[in-house]
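Student: have a look at this prediction, sequence included:
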Amino acid sequence: MTTSRAPNGDGVAGRLLLVVDAAASPEVQQACAEAAARLAERAGMPVSVAAVPVARLDTLNDALRRDAEARRREYAPAAPADPGAPMSSAPFVWTADGRPDWGSMWTTFCELALYGGPPQRGPESALRGPQTTPRAAAGPASDSDVAMLAEMRRGIWETTGLYAESATPGWLTITCDSPTMAAWMCAAIILENVDARVEEDRLLVPAGPGYTLKDEVKSIITVVAKTHHYWQAHVTGGEPA
């Protein structure tokens with residue numbers, strides 16, 4: 001709001017004016033003050049904050065509605081984030097020879113879904129394991145793509161140092177430091193909308209078929225890497241359990 005008066009007079013030319021209901025809560029008034037400070041820095045102009053009775057605000061609002069020269073715009077609060085929405089994906093990083101650089105893909109991890117963060121995948125794209133109960137098998141998982149299995153094993157090793165093998169059809173078996181670790185990671189991974197099973201100190205995650213590098217394979221490596229990170233950093237404090 002501006003007038004034709006000089007900036008050093010009593011008018012508001014050369015400055016911005018933010019008017020708030022005097023009956024607003026202290027938290028709202030503090031938020032307005034913080035917004036004014038950011039606005040002044042960005043606009044390069046002084047910003048005045050005035051708290052006035054709501055009746056005066058109603059009069060001002062009515063006047064603005066009737067003023068053909070006035071331009072007004074209302075900003076509504078952003079819709080709250082959907083707690084079930086999946087997390088945004090980290091950009092893919094490649095090595096010089098064209099392979100995924102799993103060890104450099106993440107420098108930080110989003111909060112686990114276990115602690116209120118966004119899940120790795122949405123409910124509509126959840127990764128499910130085979131419908132039958134997993135049983136130990138002598139050979140590799142024949143219904144999973146060999147190249148994708150190799151990438152999952154390599155990615156898990158590069159991000160966690162854990163050994164993984166394809167000993168059960170449709171599952172990738174990861175050897176953990178203890179049964180407690182395997183059980184904790186299993187529970188945390190399930191909340192990321194990725195199926196998981198536990199057998200003593202072994203964690204089982206889905207392994208296809210039909211998995212692609214930038215979608216399911218990356219999701220599997222991500223959930224194992226971030227649950228392992230939280231297990232070490234926040235559950236055991238870096239000590240084996």
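Tutor: Noted; the coordinates are in hand. Since the model is a prediction, treat every value here as computed from it, not as a measurement.
Student: confirm residue 183 sits in a strand?
Tutor: No - applying DSSP: H, G, I helix; E, B strand; the rest coil, one finds residue 183 to be helix, outside a strand.
Student: now it. Nearest residue, chain neighbours left out?
Tutor: residue 198 (5.2 Å; Cβ to Cβ, 6 or more residues apart in numbering). (Glycine included, C-beta is placed from N, CA and C.)
Student: neighbours around that neighbour, how many?
Tutor: Neighbouring residues of residue 198 were enumerated by other Cβ atoms under 10 Å; the total is 18.
Student: and the contacts of the helix or strand of the chain with the lowest mean pLDDT?
Tutor: Lowest on mean pLDDT, DSSP states H and E among the helices and strands of the chain sits helix 26-43, with a mean of 83. Applying Cβ atoms under 8 Å, 6 or more residues apart in numbering, the contact partners of helix 26-43 are 16, 18, 20, 24, 46, 47, 48, 49, 51.
Student: closest to residue 194 among those residues?
Tutor: Distance from residue 194 was checked for each of the contacts of helix 26-43 by Cβ to Cβ. The minimum falls on residue 24, at 44.6 Å.
Student: got the domain ranges for the protein?
Tutor: The record, using automatic domain parsing to delimit domains, assigns the chain the ranges 1-75, 102-235.
Student: okay, and for the protein, where does confidence drop off?
Tutor: For the chain, residues meeting the criterion pLDDT under 70 lie at 1-13, 75-90, 107, 131-144, 237-241.
Student: repeat that with 50
Tutor: Per-residue confidence for the chain (pLDDT under 50) gives these ranges: 1-8, 132-142.
Student: any chance of the domains of the chain in TSV, with distance to residue 92 too?
Tutor: Converted to TSV, the domains of the chain look like this (distance: least, Cβ to Cβ, whole Å):
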stretch	distance to residue 92
domain 1-75	34
domain 102-235	6
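Student: quick one: the strands in this structure, in order.
Tutor: Along the chain, the stretches classed as strands by DSSP state E are 16-21, 47-52, 164-168, 171-175, 197-199, 202-206.
Student: closest one to residue 188 among the ones you listed?
Tutor: In this view, the strands of the chain are compared for proximity to residue 188 by Cβ to Cβ, and strand 202-206 is the closest at 10.4 Å.
Student: partners of the closest one in the sheet?
Tutor: Based on DSSP bridges, the pairing partners of strand 202-206 within the sheet are strand 171-175 (antiparallel), strand 197-199 (antiparallel).
Student: show me what it is in contact with.
Tutor: Contacts made with strand 202-206 from outside it, assessed by Cβ under 8 Å, 6+ apart, are listed as 127-130, 134, 168, 170-176, 182, 185-186, 189, 194-198, 216, 220, 223-224.
Student: got a quick PyMOL command for the buried subset of these?
Tutor: The following PyMOL line selects those of these that are buried, judged by 16 or more other Cβ atoms under 10 Å:
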select buried, resi 127+129+130+134+168+170+171+172+173+174+176+182+185+186+189+194+195+196+197+198+216+220+223+224
